[in-house]
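Student: Starting from these lines, generate the structure:
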Amino acid sequence: MQIHRRLIVQLLLQLLMLFVFAFVLNITIFILISYFAEQTETVEDLTKASDLFIENRVEVKAGTAEIEQGLKIRVEEQDGWLAVLTEEGKVIGSHNTPPSLKGKRMETLLYSEDNNISTYWVWGEFAEKQYYVVFGKHNWQKNIMQAIKENISWKNQKLELLGAVKTKLDKIGGWALLVDYTGKTLDSYGKDAPTSYLTEDLIAIKADQKWSHVESYFHEPSRLTLIVGKEPTSSSSLAGNMEGKISNSVIVVAVFVILFFLLATYWYAHKFSSPLLMFIRWLQNLGHGIYEQPVHPRTGQPMLFNKYGDIKRKYRLYKDLFFTLTQLTDILRERDVERRRISRSREEWVSGISHDLKTPLASIQGYANMMESDAYSWNEAEIREFASVISKKSTYMKDLIEDLNLTYQLKNRELPISKERTDMNECIRRTILQFMNNKLYADKELRFQPSHNEIIGFIDRKWFQRIMDNVIANAIKYNPAGTMITISTELIEQHVMVIKIVDNGVGMDNETVNRLFTRYYRGTNTTETDSGTGLGMAISKQLIALHNGSIRVQSKPGEGTVIRILLPLG
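Tutor: Residues are numbered from 1 along each chain as shown. You can find the predicted model right below:
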């Protein structure tokens, strides 16, 4: 898979994980808010509690129900009572139940006409536990209101409370007020009794809004209002505490979410930036000529691999880039080695060429000075000898300059080539005859083994002649007397011609074979002026390439050399 596809897949997976986490987080927050909301509602009104809320706070063991202390407190705060019953209606646990209902069965609890009870709430059967929880509220306001109404002097606008009524009010921390139509308090009982009531408060009491702890009665003939109540239980403060807990929980969740996203952002940035920083460091190393993978500063081990030699997980997404950089590093390393080798060869070659130029120039200058000097009188034979040496040295220098010019023309692809139809066997035969007729090479044996079939190719005759001259001359010059050199031709499937130059001479080692065709390598001894320019084989290879051919060399020291040239005939 290509790297951009893997990046897309990786980003989609990350977004999917983020979406799943956000979904789970929202569900969790919703559950928490619902939980705290239920807690708040049950503090204010236990009838709004869920079955699960009650089940978690009532435990039945050995036929007896145990009610959690926190639930008991809420029951008391809401002026209620709680009873736990079996399926048969037997009460197995209770709290704050009215005396008149103690020991009663379920039907008595549900259908009692006790004036002290105003409302009921029943939680159903709990899973396999098979019991019921009944919550009822005391109707203390009606009971006390009825007793107080019978002890009021409406005419005198006075509360004339009996001792029993006062005792009941004191027991529950209640109070009683007698107010006129303006809300002014005419008489009161109880230390926490308000001093006055506004008209809207009186309306709210009648509408049962936020005044569940207060009961009122309006006496129409006197236009007086009797108000009975008690201080709100701590449920309001508890509700405030619960709201504070909810607010604190929301803040905690918000902080958690922010921290998570900060950590997720850091992780996400580290996940994608760490590999990129490593690759940037790798490129910087390449720019500074360090052709190696980045290594760990402490261990010295490659940063891309673990101890088992596998690519580390965080780099696997970029494995295509890793392999590309590895190839680039290897190529640059090889080219750097090649550049150094070529630079070293160039220096050697320049040194050799300089020597080769200085030697014939010194000879030319020396003979010229001798001929110019008045101290000697040279005869005609000596002058001719001097002129012959000068001519040979000049020719060598001319050949060297031409070879330099030719090699750079080939390098820059500026050498013109004109191919024409040629009998290849005949062309090679003429080249070999030139060497056979040269007395300088009489100590070598040359043989030609042409193909039995006629071979017709399209070549540039001038440059092909140069190829054969260089290759055969190389075999002759660097082998001792008595060496046999065999040149043969062969046709392969009517399309390719094979030319072999085989000798049984001294051979070459691997280094010489590998450097034989470089422009900057000379296999000759530069002290010999007739040893050539050192460019012959490099020029030959380039000329063969111009003919769309190839050349291969096989050689071992002491076992001779085989040169194989392949040329297409088309």
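
Student: Check which element follows the lowest-mean-pLDDT helix or strand in the chain along the chain.
Tutor: Using mean pLDDT, DSSP states H and E, the weakest-scoring helix or strand in the chain turns out to be strand 117-123, at a mean of 54. From strand 117-123 onward toward the C-terminus, using DSSP states H and E, the following helix or strand is strand 131-138.

Student: helices or strands up against that next one?
Tutor: If contacts are counted by 3 or more Cβ pairs under 8 Å, 6 or more residues apart in numbering; DSSP states H and E, strand 131-138 sits against strand 58-61, strand 80-86, helix 106-111, strand 117-123. In short, each C-beta sits where N, CA and C put it, glycine included.

Student: how far out from the middle of the chain is it?
Tutor: Distance of strand 131-138 from the chain centroid (Cα atoms, centre = their mean, to the nearest Å) equals 61 Å.

Student: got the angle for that strand vs strand 80-86?
Tutor: 160 degrees (axes from the mean of the first three to the mean of the last three Cα atoms, to 10 degrees).

Student: Note down every partner strand of strand 131-138 and its orientation.
Tutor: Paired strands of strand 131-138, with direction, are strand 80-86 (antiparallel), strand 117-123 (antiparallel) (DSSP bridges).

Student: Mind checking the pLDDT average for the first one?
Tutor: Confidence over strand 80-86 (mean pLDDT, whole number) is 81.

Student: Which stretches in the protein count as helices?
Tutor: With helices called from DSSP state H, the chain shows them at 3-44, 51-55, 69-77, 106-111, 140-149, 163-172, 199-206, 235-287, 319-372, 380-411, 424-436, 461-477, 510-514, 536-546.

Student: Residues contacting stretch 546-555, please?
Tutor: Under the criterion Cβ atoms under 8 Å, 6 or more residues apart in numbering, residues 410, 415, 417, 419, 459-460, 463-464, 507-508, 512-513, 516-517, 540-541, 544, 561-568 lie in contact with stretch 546-555.

Student: Filter those down to the buried ones and express that as a PyMOL selection.
Tutor: Buried subset of these, written as a PyMOL selection, criterion 16 or more other Cβ atoms under 10 Å:
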select buried, resi 410+415+459+460+463+464+507+508+512+513+516+517+540+541+544+561+562+563+565+566+567
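
Student: dump the residue contacts of the nearest residue to Leu516 once chain neighbours are set aside.
Tutor: Ranked by Cβ to Cβ, 6 or more residues apart in numbering and with sequence neighbours excluded, the top spatial neighbour of Leu516 is Met537, at 5.3 Å. Contacts for Met537 (Cβ under 8 Å, 6+ apart) come out as Asn470, Val471, Asn474, Leu516, Phe517, Gly523.

Student: Show me where the stretch 451-570 of the chain has its strands.
Tutor: According to DSSP state E, counting those that start in this stretch, the stretch 451-570 of the chain carries its strands in the segments 456-459, 484-492, 496-503, 550-555, 561-568.

Student: Okay, buried residues for the fourth one please.
Tutor: I take that to be strand 550-555. Applying a neighbour-count criterion of 16+ other Cβ under 10 Å, one finds Ile551, Val553, Ser555 buried in strand 550-555.

Student: want to throw those into CSV with distance to Thr324 and pLDDT?
Tutor: Compiled in CSV, those are given as follows (distance: Cβ to Cβ, whole Å; pLDDT from 0 to 100):
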residue, distance to Thr324, pLDDT
Ile551, 33, 93
Val553, 34, 94
Ser555, 38, 92
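
Student: tally of neighbours for Ala442?
Tutor: Here the count is done by other Cβ atoms under 10 Å, and Ala442 has 10 residues near it.

Student: Against Phe435, how distant is it?
Tutor: To Phe435, Ala442 is 10 Å away according to Cβ to Cβ, to the nearest Å.

Student: Same question for stretch 472-487: list its buried residues.
Tutor: Ile472, Ala473, Asn474, Ala475, Ile476, Lys477, Tyr478, Asn479, Thr483, Ile485, Thr486, Ile487.
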